[in-house]
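Novice: my questions are about this predicted structure, shown below with the sequence.
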Amino acid sequence: MPLSGMAIAFKASTSACTAQQLWGHPTRDQCQYGFTHLNERKSRKGSAALHARAVSGKLDLDFGDPSWKQKYQEDWDRRFSLPHITDVFDLEPRLTTFSLKKNRSPLGASDASSPDKWNGYVNKDDRALLKVINYASNTSAGAECIDPDCSWVEHWVHRAGPRKEIYYEPEEVKAAIVTCGGLCPGLNDVIRQIVFTLEIYGVKNIVGIQFGYRGFFEKGLKEMPLSRDVVENINLAGGSFLGVSRGGAKTSEIVDSIQARRIDMLFVIGGNGSHAGANAIHEEVP
């Protein structure tokens, strides 16, 4: 994940339940949480830009309405759009410290400062097509249809990758990773790849929080320094290298611990309840 996205990046339910209520209901359809800049108390812009909301449940559509597809796509864009970090914090961009091995210019471009110069970085407005199969029928294998005719509807999401501009010095960043809730296959793969990618982007101060959210406030649970050497082979083992736990978390204590530890980026790995907790942490941060 690029450092230019070091602000909150999550999607949360806009049902009647608040984030605090959803914390206690891990089975509720909740959110997907990326990472958040937590340590420094920055001046935030208008509240409308602070959240990327996802409405749980399906949009009530009249498939007899010729404009139903447009309404569906507009609802999709509204639910899954993500604010840019500059929509949340007043920050000045700087050129990334991450350099690509390949660098070439399009034909006819000789000026290295040209905005058209190929640099290999991802534009913040790039989108990726989420579903690429146009099913002919709802009886086709694996078909995921919106209407009875299985009409083709485009689902666009933000493209991940390194950005040309970033907003924090990577060497000054402290990143933390925590696995919460129950166990599932692939947790160690995720931990491993986050560490690898952070190091590639220049972040060296990476720690693991042991045994879920408990690791933020329970005495005796220390941070675990993480590096490529430490996580190189953890994908060969089951479970979670960091350990997991369920429930019992007080949001205010977690936020106090995060700020006391001077953690800038928190990667929460888990399911619905874990991400509801991440949402609550975001809401609690001053």
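Specialist: Cool, the structure landed.

Novice: surely Y168 is in contact with D264?
Specialist: Yes: between Y168 and D264 there is a contact under CB atoms under 8 Å: 7.1 Å. Bear in mind the C-beta positions are built from the backbone N, C-alpha and C, glycine included.

Novice: of the two, who's got more company?
Specialist: D264 (21 against 18; other CB atoms under 10 Å).

Novice: do you know how far the more buried one is from Q193?
Specialist: 19 Å (CB to CB, to the nearest Å).

Novice: can you pull out the low-pLDDT segments for the stretch 151-286 of the chain?
Specialist: 248 (pLDDT under 70).

Novice: and E284, what does it touch?
Specialist: T251, S252, I254, V255 (CB atoms under 8 Å, 6 or more residues apart in numbering).

Novice: tell me which element the last one falls in.
Specialist: In this case it means V255. helix 251-260 (DSSP states H and E).

Novice: please save the CA atoms from that helix in PDB.
Specialist: What follows is helix 251-260, C-alpha atoms only, in PDB (Å, rounded to 0.1, in the frame of the first residue of the first chain):
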ATOM      1  CA  THR A 251     -11.700   2.000  22.700                       C
ATOM      2  CA  SER A 252     -10.400   4.900  24.800                       C
ATOM      3  CA  GLU A 253      -7.600   2.700  26.300                       C
ATOM      4  CA  ILE A 254      -6.600   1.500  22.900                       C
ATOM      5  CA  VAL A 255      -6.400   5.000  21.500                       C
ATOM      6  CA  ASP A 256      -4.400   6.200  24.500                       C
ATOM      7  CA  SER A 257      -2.000   3.300  24.000                       C
ATOM      8  CA  ILE A 258      -1.600   4.000  20.300                       C
ATOM      9  CA  GLN A 259      -0.700   7.600  20.900                       C
ATOM     10  CA  ALA A 260       1.600   6.800  23.800                       C
END
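
Novice: ok, I269 to I194 distance?
Specialist: 8 Å.

Novice: where do the contact lists of the two overlap?
Specialist: I177.

Novice: element containing the closest residue to M265 other than its chain neighbours, please.
Specialist: Nearest residue to M265 in three dimensions, chain neighbours excluded: A175, at 4.2 Å (CB to CB, 6 or more residues apart in numbering). Counting by DSSP H and E, the element that carries A175 is strand 174-179.

Novice: parallel or antiparallel, list what pairs with that strand.
Specialist: Sheet pairing here is set by DSSP bridges, and for strand 174-179 it gives strand 205-209 (parallel), strand 265-269 (parallel).

Novice: any chance of those in TSV, with distance to A276 and mean neighbour count too?
Specialist: Listed next are the strands paired with strand 174-179 as TSV, based on distance: least, CB to CB, whole Å; neighbours: other CB atoms under 10 Å:
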stretch	distance to A276	mean neighbour count
strand 205-209	17	23
strand 265-269	10	24
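
Novice: so what does V157 look like in phi/psi?
Specialist: Note on V157: its backbone torsions stand at phi -130, psi 160 [degrees, to the nearest 10].

Novice: for the nearest residue to it once chain neighbours are set aside, give me phi and psi.
Specialist: Closest residue in space to V157, ignoring its immediate chain neighbours: L130 at 5.1 Å, by CB to CB, 6+ apart. Phi and psi for L130, reported as degrees, to the nearest 10, are phi -70, psi -40.

Novice: wait, L130 sits on R159?
Specialist: No: using CB under 8 Å, L130 is not in contact with R159; the gap is 10.9 Å.

Novice: for this structure, what spans make up the strands?
Specialist: 10-12, 32-33, 35-37, 52-53, 94-95, 127-129, 156-158, 165-166, 174-179, 205-209, 224-226, 265-269 (DSSP state E).

Novice: now the buried members of the contacts of E284.
Specialist: Listed as buried from the contacts of E284 are T251, I254, V255; burial here means 16 or more other CB atoms under 10 Å.

Novice: measure the spatially closest residue to the second one that is not a sequence neighbour to D256 for me?
Specialist: It refers to I254. Among residues not flanking I254 along the chain, F216 sits closest, at 4.5 Å (CB to CB, 6+ apart). For F216, the distance to D256 (CB to CB) stands at 9 Å.
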